[in-house]
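Q: Output the structure for:
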Amino acid sequence: MKKIFFGFLTIGCLLSCSIDDDNEINIKEQNFLVFGHFYGECFGEGCIETFKLTNKLLFEDIIDDYNGQNTEFVELDNDLFEQVKNITDFFPNQLLNQNETVFGCPDCADGGGLFIQYSENGNIKSWRIDQVKRNVPEYLHTFIDKVNKKIAIINE
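A: Coordinates of the predicted model:
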């Protein structure tokens, strides 16, 4: 009986070690930026556009869920990745230190909003940002412009 117990204990330990190693790899691969726009009073494919950018690939969410809760990402062409990969250069690091997750009143006056999600080493933060610049801090203005420009490039 002791041999059986010891055998299960050994197998359990070995499996937990490999799971930890896999988790370590997965955490490193979880660095990404999700960016997109949404318009509630809108009809058609362009009303909700969400993309996920990793350090090697670009994906598009084909579910187009307004709340960003249900996602199904498909990989896009490398040419598109090359055209948008520098968006992370414009990500405002000040955003990471904010307690707020909503800036302005995204899409309240049919002006639309941006959905941003940032993940680094498994630590994920999300924000909704009003498209109307007078409603948000100035440090977000350039980033808003870049996100909209990159979405337009992808949708050409």
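Q: rest of the way, CA atoms for contacts and neighbours
A: Noted.
Q: can you map out the strands along this structure?
A: Counting by DSSP state E, the segments of the chain that form strands are 32-38, 48-53, 58-61, 73-75, 102-103, 113-120, 123-130.
Q: In a markdown table, list those along with mean pLDDT.
A: As requested, these are exported to a markdown table (pLDDT from 0 to 100):
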| stretch | mean pLDDT |
| --- | --- |
| strand 32-38 | 96 |
| strand 48-53 | 95 |
| strand 58-61 | 96 |
| strand 73-75 | 95 |
| strand 102-103 | 97 |
| strand 113-120 | 96 |
| strand 123-130 | 95 |
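Q: Let me have the ones you listed in JSON lines, extended by distance to Lys146 and mean neighbour count.
A: Rendered in JSON lines, the data for those read as follows (distance: least, C-alpha to C-alpha, whole Å; neighbours: other C-alpha atoms under 10 Å):
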{"stretch": "strand 32-38", "distance to Lys146": "10", "mean neighbour count": "23"}
{"stretch": "strand 48-53", "distance to Lys146": "14", "mean neighbour count": "23"}
{"stretch": "strand 58-61", "distance to Lys146": "16", "mean neighbour count": "21"}
{"stretch": "strand 73-75", "distance to Lys146": "21", "mean neighbour count": "14"}
{"stretch": "strand 102-103", "distance to Lys146": "17", "mean neighbour count": "18"}
{"stretch": "strand 113-120", "distance to Lys146": "11", "mean neighbour count": "21"}
{"stretch": "strand 123-130", "distance to Lys146": "13", "mean neighbour count": "18"}
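Q: Between these, which one is closest to Phe90.
A: strand 32-38 (11.5 Å; C-alpha to C-alpha).
Q: hmm, back to that, next, format the strands of the chain as a markdown table and append distance to Glu138.
A: Written out in a markdown table, the entries for the strands of the chain read as follows (distance: least, C-alpha to C-alpha, whole Å):
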| stretch | distance to Glu138 |
| --- | --- |
| strand 32-38 | 19 |
| strand 48-53 | 23 |
| strand 58-61 | 28 |
| strand 73-75 | 31 |
| strand 102-103 | 11 |
| strand 113-120 | 15 |
| strand 123-130 | 12 |
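Q: Nearest spatial neighbour of Tyr118, chain-adjacent residues omitted?
A: Leu33 (4.7 Å; C-alpha to C-alpha, 6 or more residues apart in numbering).
Q: who's in contact with the one you found?
A: The contact partners of Leu33, taken as C-alpha atoms under 8 Å, 6 or more residues apart in numbering, are 52-54, 88, 116-119.
Q: All set now, cheers.
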